[in-house]
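Student: Just the structure for this:
(2 chains)
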Amino acid sequence: MADKTPKADELAKDIHYDLPAAGWMDTKVDFEERKGNWCYSGIPRALEYVEFPNPRVWQPDQADWKLPSNWKEIILEGMSKRLDMYRTFRLFMDICVRCGACADKCHFFLGSGDPKNMPVLRGELLRSVYRKEHTLGGKVFGRLAGARELTEDVLREWFYYFYQCTECRRCSVFCPYGIDTAEITMMGRELMNLVGVNINWVMEPVSNCFRTGNHLGIQPHAFKDNIEFAADDLEEITGIRVDLSFNRKGAEVLFITPSADYFGDPHYYTFLGYLALFHEIGLDYTFSSYASEGGNFGLFTSHEMMKRLNAKMYDEAKRLKVKWILGGECGHMWRVVHQYMGTMNGPASFLEQPVSPITKTVFDNASSTKMVHIAEFTADLIKHDAIKLDPSRNDHWRVTYHDSCNPARAMGLLEEPRYILNKVCNNFFEMPENTIREQTFCCGSGAGLGTDENLEMRMRGGYPRANAVQYVQKQHDVNMLACMCAIDKATLLPLMHYWAPGVEVGGIHELVGNALVLRNEEKEREMDLRQEPLTGKEKADE
Amino acid sequence: MSAIFSIFAVLVLVLAAYLGVQVVKLHQFFGVYFPYAAIVLFLVGFVYRILKWAKAPVPFRIPTTCGQQKSHDWLPHAKLESPFTTMQVIGRMTLEILFFRSLFRNTRSSYREGDKRFVYGPTKWLWLAGLAFHYSFLVIFIRHFKFFAEPVPAFVKIAQDLDGFFQIGLPILYLTDVVILAAVTYLFLRRVFLPQVRYISLANDYFPLMLILAIAITGVWMRYFGKVDVVGVKTLATGLISLRPTIPPTIGALFYVHLFLVSVLFAYFPWSKLMHMGGVFLSPTRNLANNNRAVQHVNVWNYPVKTHSYAEYEEEFHGVMTKAGYPALDKEYPSEAEGDAAKPEGKEE
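Tutor: Okay, the predicted model is just below:
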């Protein structure tokens, strides 16, 4: 934790929406003063590995950003090019009427009070330059028409605010024209990447993933070790040894999940849940060390990088000759899989129509991309009574559910997790309605912003989410925030420790794994997947 | 500042037309040439802008889903909030365009410092004013057809009758006249008085509101107070539309002010944010079906990219893979003592 980070009760008192006296074109970002609210720059080695321009040592709070001398031309040219490539970009530059409906929908605005975190102004940062370069009004009337020159100060502002947007799309739900700030932020980041302005928390995972197949840079031997270790743990908990296979050709299903699931905590317990479930239903599946990452930080740099990383999924499915792909719990991974993969790297004609080998359910909604979300898969199993569940094994948890931004607003995956939760635990409570489903609040650390030097802004941006958790904690003694996203699992935990101590974070399949009654489970389960004693199984004080 | 500039700009336009007709006698210019030029600018500009958008491809299918996807039959699919078929998309777009569905969702967030809670309440004022403004504008636009066609078409008469349903006053008061004045005034005042909205507002936002307000005021004045020569106006209007313009001498200067402001609105329209009228139909987050994984979406500029192939990966890691007991690799490698690749680069996330 950065030592400057204010305490929760101080921060809770420091939520103000006063506006600066100066207009938004006249305020500048002071990086020195705003430490704790921005991320460090990408290291040269990471940029070099994926051949990104302008690798160098620099930091945002330095006076000299070491930009190429023609940086402005590069960005403006990149902008013109992208205006012709993306209808969203051109349209969203043109049609905003600044009605302000989006203003108080952004978690970063609600938590920081900074007016440039109103989605409309975040858009204006780019729109002002667009008007100057591409509209008659902007050229003739300049500032009066909301147009301005691209300067280094503007670029600094882009950096600060486009890495202060988690591309969560909550604003776009309310916009009367469907203007999606995620599109604008993605364009802003793409343009900045042309001159080497990016952050390390995104660039290092990107280069790791390109090389080793996963964001964490885990090499094949460690990958296999970790997963075998998980099988050992599972055996200790359940007494059952599960079969594993790696890079196995001819398996029916390739299972791809975020690397944090087999490397991070509390993701790991969800991973144990997957292993138990697949064993119980006898799924013929394999892991791949090459496609060992579900997530795609390329999404947070450029469309091209997203495609370069995503290619591994289909390439590996083809090489291993599997029939279809099953995907684990992740947020932005599913944005990429659901909205980009088929278009970028498909059609997946070498795969077969996904069918659940157990229930024979045909997944019609995945008949082209041929990748199924594990919540869809498991909900179907439960609906068909294909697995036996004992929800009382989750009685030590009083659960609420956080919809991750992307499954909610880019897929509409709202009911499946709820259906599962209601079957695997006895105490499930919803947060207030303006904070869930399509109106869900971001964890505050998505889109590559989940790094510690950015902690204050993460705690601010995550406050609306945490505040809703505080509410159910008070009302219903909730002690478990369930979610379906690797970034959530990593970042909601510190968020809860900060705002709602006593609330743990876990995945849907952790709770599934707890409740799942394995066929050959001989002894009664004494502990949950965290190796904590189950309710009623606590040992008497010794 | 921008608000004052906009008010000033509209006043200048009003004065220009008034003096132009009253003093300089430029009836031909304000009654014929400028309206024609404005219509041409409008049509050309509108088509140009739409084509410009339409020409830009939609590389990815990125609808914002606001409800449950279509997955299992036994889960309730939100057909209008997360449409799967073209018909459902049309349904969603209809709600969006005719009823401003997304804006209807609007909430107002506030932070209660006492118990430190964010609270969210519904707020429909912007939605209501927006809807009232657009629909009254539409009805007024339709009512004006009576000046251009003889006999007056049935749908115009129906619009008039409905609009004057309550038969108040003489000439009968049109509801839309009241509504548009109230709605535009509200939309203008919220920009001036709500601090956040004022902070984001540009001259581009105030100017069209002031312009429309001035158009409405001059129109209302002529109908209820100034008593413009309606027959003369109709002669001018039918002349304009049949491309045989004549200038009847009996029309007062106020009418030319009204006509000039309308012409300015037409001319300004395609080059401004008012183009949201056309743009709303094209918005990819709304007008695409959420059937991404079921139907292949094609990106016309999809180009090959440099990837890190399995072969390259195996080449680098075959040593550790063999040692760790992976199944047979794709290629055979000579056994070597030094097989370990670089140290693992773990990073906690």
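Student: For the stretch 101-250 of chain B, which segments count as helices?
Tutor: Along the stretch 101-250 of chain B, counting by DSSP state H, counting those that start in this stretch, helices occupy B:101-104, B:125-143, B:154-163, B:175-193, B:195-200, B:203-220, B:230-241.
Student: Can I get the ones you listed in TSV including distance to A:His221?
Tutor: Every C-beta, even on glycine, is put in place using the N, C-alpha and C of the backbone. Listed next are these as TSV, based on distance: least, CB to CB, whole Å:
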stretch	distance to A:His221
helix B:101-104	51
helix B:125-143	59
helix B:154-163	76
helix B:175-193	62
helix B:195-200	54
helix B:203-220	60
helix B:230-241	81
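Student: okay if I get the ones you listed as CSV plus distance to chain A, mean pLDDT and mean neighbour count?
Tutor: Below are these laid out as CSV (distance: least, CB to the nearest CB, whole Å; pLDDT from 0 to 100; neighbours: other CB atoms under 10 Å in any protein chain shown):
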stretch, distance to chain A, mean pLDDT, mean neighbour count
helix B:101-104, 4, 97, 21
helix B:125-143, 6, 97, 18
helix B:154-163, 25, 93, 14
helix B:175-193, 8, 97, 18
helix B:195-200, 4, 96, 18
helix B:203-220, 5, 97, 22
helix B:230-241, 27, 94, 17
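Student: Could you give the separation of the helix or strand harbouring A:Phe92 from the chain centroid?
Tutor: Following DSSP states H and E, one finds A:Phe92 within helix A:87-94. Distance, stretch centre to chain centre, for helix A:87-94: 25 Å (CA atoms, centre = their mean, to the nearest Å).
Student: Quick one: neighbours of A:Glu167, just the number.
Tutor: A:Glu167 has 25 neighbours, counted by other CB atoms under 10 Å in any protein chain shown.
Student: Surely it is in contact with A:Ala182?
Tutor: Yes. Here A:Glu167 reaches A:Ala182: they are 3.8 Å apart, a contact under CB atoms under 8 Å.
Student: For the stretch 301-450 of chain A, which segments are assigned as strands?
Tutor: With DSSP state E, counting those that start in this stretch, the ranges of strands along the stretch 301-450 of chain A come out as A:324-327, A:371-373, A:399-401.
Student: Between those, which one is closest to chain B.
Tutor: Closest to chain B of the strands of the stretch 301-450 of chain A is strand A:371-373 (CB to the nearest CB; 6.9 Å).
Student: what are the C-alpha coordinates of stretch A:26-33, in PDB please?
Tutor: C-alpha atoms of stretch A:26-33 as PDB (Å, rounded to 0.1, in the frame of the first residue of the first chain):
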ATOM      1  CA  ASP A  26      -7.800  25.300 -18.300                       C
ATOM      2  CA  THR A  27      -7.000  22.700 -15.600                       C
ATOM      3  CA  LYS A  28      -3.900  20.500 -15.800                       C
ATOM      4  CA  VAL A  29      -3.000  17.200 -14.100                       C
ATOM      5  CA  ASP A  30      -0.400  17.500 -11.400                       C
ATOM      6  CA  PHE A  31       1.100  14.000 -11.300                       C
ATOM      7  CA  GLU A  32       3.200  14.800  -8.300                       C
ATOM      8  CA  GLU A  33       0.300  15.900  -6.200                       C
END
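Student: Quick one: residues in contact with that stretch.
Tutor: A:Pro20, A:Trp38, A:Pro60, A:Asp61, A:Lys116, A:Asp153, A:Arg156, A:Glu157, A:Tyr160 (CB atoms under 8 Å, 6 or more residues apart in numbering or on different chains).
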